[in-house]
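A.B. asks: Okay, here's the prediction I keep looking at, along with the sequence it came from:
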Amino acid sequence: PIKLPFLISDKFRAEKVVVNCVLCGLAGTMTVTSAKAVFNSLTQALSGNTAMFFRADICWLTYLTIIVAVGSIVGQVKYQNEALIHFGTSNVVPVYYITFTTITMSAGMVLFLEISFNPIAVRLPLFVAGLMCAFGGVYLINQLKE
């Protein structure tokens, strides 16, 4: 996500709230997934397996993941502030919540195999219904504010 804004014009980013929110959501997803990887390494280290921090052939991955987490946190703050400057809190927060939730849950399903849709006919509609309830709640809260 750090290089992605160079492909999008500043004018387009200043006109559409969803662009900065998607960039922020992508950076947030990288933060969440890399933090989970770092904490999995820490869990292994605390249980006695310190290879993820000290074995030369694999420890580079842990340290790279820490760097990615810090960099994505910086990117997330940058894009969130840019969106808030251009559009204000009442527009940014609901759009960011929806984009961040959708992107992060999708990344978690793919990277960590956290959700198994078995049987898919039952669990997939429940997953989508849960997302729609969350998004509907955000929409209703913002409508009641105005």
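C.D. replies: Here it is on my side, so go on.

A.B. asks: Now for Met30: which residues touch it?
C.D. replies: With contacts defined as C-beta atoms under 8 Å, 6 or more residues apart in numbering, Met30 is in contact with Pro1, Val68, Ala69, Ser72, Gly75. Glycine gets a C-beta too; all of them are placed from N, C-alpha and C.

A.B. asks: So it: helix, strand or coil?
C.D. replies: helix (DSSP: H, G, I helix; E, B strand; the rest coil).

A.B. asks: Now do the SS call for Val138.
C.D. replies: Val138 ends up helix, using three-state DSSP.

A.B. asks: my guess is it contacts Phe100, does it?
C.D. replies: No. Applying C-beta atoms under 8 Å, one finds Val138 not in contact with Phe100, separated by 11.2 Å.

A.B. asks: Number of residues surrounding Phe127?
C.D. replies: 15 (other C-beta atoms under 10 Å).

A.B. asks: Give me the phi and psi angles of it.
C.D. replies: In terms of degrees, to the nearest 10, the main-chain angles of Phe127 are phi -60, psi -50.

A.B. asks: Tell me the buried residues in the helix or strand hosting Val70?
C.D. replies: Using DSSP states H and E, Val70 sits in helix 59-87. Within helix 59-87, the residues that qualify as buried by neighbour count (16 or more other C-beta atoms under 10 Å) are 62, 65, 68-69, 71-73, 75-76, 78-80, 82-84, 86-87.
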